[in-house]
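In: fold the stuff below for me.
(one chain, ligands or ions: 1)
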Amino acid sequence: MISVRQTTGPDGLIGASTGDLRDKFLVQDLFVEGEFRGTYLADDRIVVAGVVPGDHDIEPSGLDVLGTDLLLERRELGVVNLAEPGDVIVDGTPYRLGPLDGLYVGRGSKVSFRGKGARFYLVSATAHETHPTVLIARDSVAPVSIVDELGAGGRTLYRYVWGGGHGSCQLQFGVTVLDLKSVWNTLPPHRHSRRTEVYLYTGLGPDHRVVHLLGEPNNTRHLIVAEEEVVIAPSWSLHMGAGTAPYSFVWAMAGENTDYTDLEPVKISDLR
Ligand SMILES: O=C[C@H](O)[C@@H](O)CC(=O)C(=O)O
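Out: Down below sits the predicted model:
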């Protein structure tokens, strides 16, 4: 099943209740064993989905929203496994993903998912050409450490597909892991007017939450986000958060270009 999500422009924040904000910007309940559950974002036509295979292989379904026979008929795909090892099968070839490993799948391939205990998070964007499928183990990526000795924003970025690495049409994605006792992601914050970004939070467990900030720098709002929930950052919105426990998140972007550094920094002192 793939549902459709329209967010809003910045004016949509005026008078928005907690429920309004959650209805627009938070995607919940993607991970249900035995199902292919997705949300189609109007923003940059990104599809996010969750797949929990359990005892049976799962193929993408509910594709009437896309109007194509295959999920990747006109799309590219990023996959990150959030749990036990499992396989993504691409045109008959299995790719094994351990915890937080990534896979890029080029346009035109047929995918299915296998592995009891695996929990696959999918992000897809439209694609105009085919780039090779590649497995990106977390250990194989040069980590980018953000050191914050006095503050609480120490973390390590693992860039899986981005402008400086493996080619893609518009998709960029990776994983960021917070240092022990650090809480802040994406500090200092930024916006990127030429793309949409989605964050999936993981590693929090059932009893903890991330307080995620969205909105324009001078007009922020917050969402309280739980394990395996996704937050949408339209091109006009910043995105940053602080967790009540250690966590990681999968970030993914799509839009006008694949230049990872094409962003507009926001000064912390300008936040309102
Ligand atoms: O545009 C870049 C994305 O927001 C993330 O890569 C940022 C991030 O993981 C972090 O700073 O913690």
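
In: how about the residues of the protein by the ligand?
Out: 155, 157, 176, 185-186, 197, 251, 263 (C-beta under 6 Å from any ligand atom). All C-beta spots, glycine's among them, are computed from the backbone N, C-alpha and C.

In: how about 8 Å then?
Out: Residues of the chain lying near the ligand by C-beta under 8 Å from any ligand atom: 146, 153, 155, 157, 159, 172, 174, 176, 185-187, 190, 192, 197, 199, 233, 239-240, 249, 251, 253, 260, 263.

In: filter the residues you listed down to the ones in strands?
Out: Members of the residues of the chain next to the ligand lying in strands (criterion: DSSP state E): 146, 155, 157, 159, 172, 174, 176, 185, 190, 197, 199, 233, 240, 249, 251, 253.

In: list the contacts of the second one.
Out: Think residue 155. Counting by C-beta atoms under 8 Å, 6 or more residues apart in numbering, residue 155 makes contact with 145-146, 148, 176-179, 182, 184-185.

In: redo that, cut-off 6 Å
Out: Contact analysis of residue 155 by C-beta atoms under 6 Å, 6 or more residues apart in numbering lists 146, 176, 178-179, 182.

In: what's the answer for the first one, then?
Out: Contact partners of residue 146, counting by C-beta under 6 Å, 6+ apart, are residue 155.

In: who does the residue of the stretch 1-150 of the chain found nearest the ligand form a beta bridge with?
Out: Nearest residue of the stretch 1-150 of the chain to the ligand: residue 146, at 6.6 Å (C-beta to the nearest ligand atom). Beta-bridge partners recorded for residue 146 (DSSP bridges): residue 155.

In: helix, strand, or coil at the residue lying closest to residue 71 once chain neighbours are set aside?
Out: Leaving out its chain neighbours, the residue that sits closest to residue 71 by C-beta to C-beta, 6 or more residues apart in numbering is residue 60, at 3.9 Å. Using DSSP: H, G, I helix; E, B strand; the rest coil, the structure places residue 60 in coil.

In: and residue 60, how far is that from residue 81?
Out: For residue 60, the distance to residue 81 equals 16 Å [C-beta to C-beta, to the nearest Å].

In: between the two, which is the more surrounded one?
Out: When residue 60 is set against residue 81 and neighbours are counted by other C-beta atoms under 10 Å, the residue ahead is residue 81, at 26 against 22.

In: residue 97 is in contact with the more buried one, correct?
Out: Yes. The criterion here is C-beta atoms under 6 Å, and residue 81 meets it with residue 97 at 3.9 Å.

In: give the bridge partners for the residue nearest to residue 239 when sequence neighbours are not counted, please.
Out: In this structure, residue 239 finds its nearest non-sequential neighbour in residue 233, 3.8 Å apart by C-beta to C-beta, 6+ apart. Beta bridges link residue 233 to residue 197 when assigned by DSSP bridges.
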